[in-house]
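Enquirer: sequence and predicted model, in that order:
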Amino acid sequence: MPLYPCGPAPFALAAIASAAAFAGVGFHLTLVDGSVAEDAGAAHGVQHFRSRFPLVKKYQKSLAVLSGVLSAVASALSTGLPRYFFAAGALLTPLSIPYTLLALIPTNARLLELNMKELDEKDSMALLKKWGLLNLVRPLLASAAVLSISVGIHLLKK
């Protein structure tokens, strides 16, 4: 009897759930929180970023790793074409971690270090917009992972 008689599908479905949650949070941060900052001003936007950053950082990292591990397990348990789609999913969402380290950390640090008393509205808003554009890559990677894993599941049925 195989170690996982249920096959790769449950792992793939759980990977989709975690990658979709990652993407949802990322799109929310970029689209909703970004528009809040534009409407309320840079000071409110920076304060909002600072209040949400620690919690979001923890969950985003966990969801990226979880999605990657679950996709890798699904890939290991499958054969043929689905294996490659699951493997792609295993790489896409976790790819956001090195991207974050290289592209987002410097902008995050600048937003966290801004002196609220000497806040320059124009520069701070430009920094928030830059962060939003840089952050948009992460939920797009997770969305691509959801698509890839979904195709892998669809191919399992054939």
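Expert: Received it, and whenever you're ready, just let me know what you need.

Enquirer: mean pLDDT per helix and strand in this protein: which one sits at the bottom?
Expert: None of the helices or strands of the chain scores lower by mean pLDDT, DSSP states H and E than helix 34-40, at a mean of 77.

Enquirer: report the next helix or strand after that one in sequence order.
Expert: For helix 34-40, the following helix or strand on the C-terminal side (DSSP states H and E) is helix 42-77.

Enquirer: if you count neighbours, what's buried in that following helix?
Expert: Of the residues in helix 42-77, 42-43, 45-49, 56, 60, 63-64, 66-75, 77 count as buried by neighbour count, 16 or more other Cβ atoms under 10 Å. Bear in mind the C-beta positions are built from the backbone N, C-alpha and C, glycine included.

Enquirer: could you do stretch 21-39 as well?
Expert: Using 16+ other Cβ under 10 Å as the test for burial, stretch 21-39 gives Ala21, Phe22, Ala23, Val25, Gly26, Phe27, Leu29, Thr30, Asp33, Gly34, Ala37.
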